[in-house]
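Asker: Curious how this folds, go ahead:
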Amino acid sequence: MSEQRIGAPKFTTLGCRLNAYETEAMKELAGQAGLGNAVIVNTCAVTSEAVRKARQEIRRLRRENPEARLIVTGCAAQTEPETFAAMPEVDAVIGNTEKMSPATWGRLAGDFIGETERVLVDDIMSVRETAGHLIDGFGSRSRAYVQVQNGCDHRCTFCIIPFGRGNSRSVPAGVVVEQIKRLVGAGYNEVVLTGVDLTSWGADLPATPKLGDLVMRILRLVPDLPRLRISSIDSIEVDENLMQAIATEPRLMPHLHLSLQHGDDLILKRMKRRHLREDAIRFAEEARRLRPEMTFGADIIAGFPTETEAHFENSLRLVEDCHLTWLHVFPYSPRPGTPAARMPQVNGRSIKDRAARLRAAGEARVAAHLAAQHGREHAVLMEAPRMGRTEQFTEVVFDSDRPEGQIVRARVTGWQGGQLTAA
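Answerer: Model prediction:
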């Protein structure tokens with residue numbers, strides 16, 4: 001979670017990197033509209049816990065800002081508008097489409113929002129356009145995030161996100177390339193491609209290009225871009241050109257975050273995933289064969305309905321079988337309206353225990369990765385005067401300042417607390 005402010009409005013972001021991107025776009029729109037004395041909460045709906053935290057955060061912000069208008073948006077606002085509209089702390093609820101519209105912010109900047117306009121949430125499934133408000137970078141001056149896709153056409157049984165984000169929509173390649181050219185011209189040394197279901201990019205565009213086509217086009221047409229990184233992908237959708245880029249393009253960073261979710265075939269089928277355990281292992285082996293320094297992150301759910309200890313052990317073994325390093329472990333929580341919520345549930349104590357065991361396995365893999373870097377030289381993109389990241393997204397700390405936003409060569413001298421140390 002991050003809280004930032006520009007002028008009078010305050011913005012709080014919960015959830016994913018795409019939400020953070022959209023918060024930056026909302027800041028521009030609110031500023032252009034002249035919105036003042038407002039608190040905007042950009043919510044997440046990925047788990048029931050995320051929605052609970054959103055409500056908790058709204059109550060806290062109301063206590064701290066009793067005179068401000070409190071506006072709620074994001075995925076939880078899209079999927080549960082009535083929940084937030086019923087909160088006495090909330091003045092307005094706006095949907096994921098509406099939050100990207102200048103007209104919405106012009107209306108919110110007015111002196112009064114009528115009762116009939118308190119909830120501005122349309123049918124997300126009818127939306128066809130993507131990234132109507134592109135922004136040229138956010139966060140640090142070292143790394144910029146570019147939204148190239150939104151929404152999801154798949155219906156995993158545990159997931160509410162398609163109902164918060166709508167169906168898959170892609171930003172045309174030419175628009176993406178032009179934005180990245182601007183970012184490079186502005187001094188960014190790394191660009192990260194983001195989306196809800198990134199490997200579905202292109203399915204709705206003429207000639208149905210693939211993500212690998214976009215990656216190769218960016219690297220070809222923006223030769224001055226030092227580093228291109230792609231965020232979470234569904235490995236079963238990876239195309240030939242993306243594999244070729246992994247093998248031949250050193251500017252494509254050797255770090256992939258995989259949407260795996262589980263390591264047991266029966267549970268994967270009950271999740272309505274499109275890959276099996278062996279598919280994930282085969283992809284990881286091939287990517288590492290093509291690029292030996294490749295590291296993987298992964299999303300894994302612990303305690304999915306009907307999961308037995310034997311099912312869970314397959315997930316635990318997947319950490320080693322796929323050489324996963326950076327784990328995002330999600331203890332399962334039922335989302336009302338999803339098929340998984342109607343399946344036989346695992347008891348909470350078992351879910352908590354399994355999530356802890358998965359995290360411990362992930363921590364062991366991180367320790368092994370850090371130890372293997374000792375004495376190696378890396379190109380480190382500096383995010384702060386004394387902290388940067390390697391090509392594999394590993395944090396590196398220095399004992400003296402380096403130029404922020406620049407790529408520096410450094411030799412690893414050790415590691416501590418999940419970070420490398422370098423001179």
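Asker: contacts and neighbour counts: CA atoms only from here.
Answerer: Fine.
Asker: After the host helix or strand of residue 327, which helix or strand is next?
Answerer: Assigned by DSSP states H and E, residue 327 belongs to strand 324-331. Scanning forward in sequence from strand 324-331 by DSSP H and E, the next helix or strand is helix 348-372.
Asker: Now do that following helix: everything it contacts.
Answerer: With Cα atoms under 8 Å, 6 or more residues apart in numbering as the test, helix 348-372 has contacts from 301-303, 312, 316, 319, 323-327, 329-332, 414-415, 418-420.
Asker: Now the buried members of those residues.
Answerer: Among these, the ones that count as buried by 16 or more other Cα atoms under 10 Å are 301-303, 312, 316, 319, 323-327, 329-332, 414-415, 419-420.
Asker: give me the number of residues near residue 363?
Answerer: Neighbour count of residue 363, defined by other Cα atoms under 10 Å: 16.
Asker: do the one 4 residues further on as well
Answerer: Other residues near residue 367 come to 17 when the count uses other Cα under 10 Å.
Asker: Now do it against residue 417, distance only.
Answerer: Residue 367 sits at a distance of 9 Å from residue 417 (criterion: Cα to Cα, to the nearest Å).
Asker: Least confident secondary structure element in the protein?
Answerer: In the chain, the helix or strand scored least confidently by mean pLDDT, DSSP states H and E is strand 2-5, which has a mean of 42.
Asker: quick one, helices of this protein?
Answerer: Taking DSSP state H to define them, one finds helices in the chain at 17-33, 48-64, 75-79, 81-85, 102-108, 161-165, 173-185, 211-221, 240-248, 265-271, 277-290, 309-321, 348-372.
Asker: Single out the most deeply packed of those.
Answerer: helix 75-79 (a mean of 27; mean count of other Cα atoms under 10 Å).
Asker: outside of that helix, which residues touch it?
Answerer: With contact meaning Cα under 8 Å, 6+ apart, helix 75-79 is reached by 42-45, 51, 83-84, 93-96, 121, 124, 160-161, 163-165.
Asker: quick one: pLDDT of residue 13?
Answerer: Listed pLDDT for residue 13 reads 90.
Asker: Make sure it is actually in contact with residue 24.
Answerer: No: the criterion here is Cα atoms under 8 Å, and residue 13 misses it with residue 24 at 9.8 Å.
Asker: Distance of residue 73 relative to residue 50?
Answerer: Taken as Cα to Cα, the span from residue 73 to residue 50 is 14 Å.
Asker: Now for these two: what residues contact both?
Answerer: Both residue 73 and residue 50 are in contact with residue 43, where contact means Cα under 8 Å, 6+ apart.
Asker: which outside residues touch the strand ranked longest in the chain?
Answerer: Longest strand of the chain, by residue count under DSSP state E: strand 407-416. Residues outside strand 407-416 that contact it (Cα under 8 Å, 6+ apart): 189, 370-371, 373-382, 402, 420-423.
Asker: repeat that with 7 Å
Answerer: For strand 407-416, the external contacting residues (Cα atoms under 7 Å, 6 or more residues apart in numbering) are 370, 373-382, 420-423.
Asker: Going through those residues, which ones are buried?
Answerer: 370, 373-374, 378-382, 420-422.
Asker: picking that back up, what sits in contact with each of residue 367 and residue 417?
Answerer: Common neighbours of residue 367 and residue 417 are not found (criterion: Cα under 7 Å, 6+ apart).
Asker: From residue 60, how far out is residue 76?
Answerer: Distance, residue 76 to residue 60, by Cα to Cα: 17 Å.
Asker: Equivalent analysis for residue 208, please.
Answerer: 46 Å.
Asker: just to revisit the earlier point, can you lay out the helices of the chain as TSV showing distance to residue 342 and mean pLDDT?
Answerer: Below are the helices of the chain laid out as TSV (distance: least, Cα to Cα, whole Å; pLDDT from 0 to 100):
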stretch	distance to residue 342	mean pLDDT
helix 17-33	29	84
helix 48-64	15	92
helix 75-79	18	89
helix 81-85	21	90
helix 102-108	37	85
helix 161-165	18	82
helix 173-185	40	94
helix 211-221	35	97
helix 240-248	37	96
helix 265-271	12	98
helix 277-290	24	97
helix 309-321	19	97
helix 348-372	16	96
